[in-house]
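1. build the 3D model from these lines:
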Amino acid sequence: MFSSAGANRLARSLWGALRDRALDLPDDAELRDEFIATRLVETAPGVVKIQNPAGSHDDIVTAVAMVVADLANMPDVGRGSIAVPHGRVRRQYGSLSTRDRLRQGAVGPLADRAWPRRGFA
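-> Numbering: from 1, shown residues only. All right, here's what the predicted structure looks like:
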């Protein structure tokens, strides 16, 4: 849950980025549908709120607004980008969990390094 001031900051940051056409979002049907359904409503002078129809979600819009607000507070060091992979992410280590791989010993680029052993039950 966000405070009203925090929600206002998110909504205003997102509104500014949309107004300035500063967002480059992937062409994704779920993302597009959520952005189309969501409204930015000015509830009072200078107070903007993210609103969505009853029964729908605004999780993606809120997450994008959080990134936009965070990036807006960073010093300007040039143009940046965030890449989002499409499709399934392959598992490198088969079906073993991290804990099972650790039980078998160190793996990966640091496998030759001497690591202190801790017991995993």
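2. now do the SS call for residue 18.
-> Three-state assignment for residue 18 (DSSP: H, G, I helix; E, B strand; the rest coil): helix.
3. and it, how far is that from residue 30?
-> 18 Å (Cβ to Cβ, to the nearest Å). (Glycine included, C-beta is placed from N, CA and C.)
4. all helices of this structure, in order?
-> Assigned by DSSP state H, the chain shows helices spanning 4-19, 29-37, 59-72, 98-104.
5. in the second one, which residues are buried?
-> In other words, helix 29-37. Within helix 29-37, the residues that count as buried by 16 or more other Cβ atoms under 10 Å are 34-35.
6. tell me what it is packed against?
-> Counting by 3 or more Cβ pairs under 8 Å, 6 or more residues apart in numbering; DSSP states H and E, the packing neighbours recorded for helix 29-37 are helix 59-72.
7. quick one, the helix it packs on and helix 29-37 angle?
-> Calculated by axes from the mean of the first three to the mean of the last three Cα atoms, to 10 degrees, helix 59-72 forms an angle of 80 degrees with helix 29-37.
8. need the contact partners of helix 59-72.
-> Here helix 59-72 makes contact (Cβ atoms under 8 Å, 6 or more residues apart in numbering) with 9-11, 13-14, 16-17, 23, 25, 30-31, 34-35, 38, 50, 52, 80, 82.
9. can you rerun that using 7 Å?
-> Here helix 59-72 makes contact (Cβ atoms under 7 Å, 6 or more residues apart in numbering) with 9-11, 13-14, 17, 31, 34-35, 38, 50, 82.
10. now do residue 73 against residue 59, distance only.
-> For residue 73, the distance to residue 59 equals 22 Å [Cβ to Cβ].
11. again but with residue 53, I slipped
-> To residue 59, residue 53 is 14 Å away according to Cβ to Cβ.
12. just to revisit the earlier point, pick out the most distant pair among the contacts of helix 59-72.
-> Greatest spatial distance in these: 9 and 31, 21.8 Å, computed using Cβ to Cβ.
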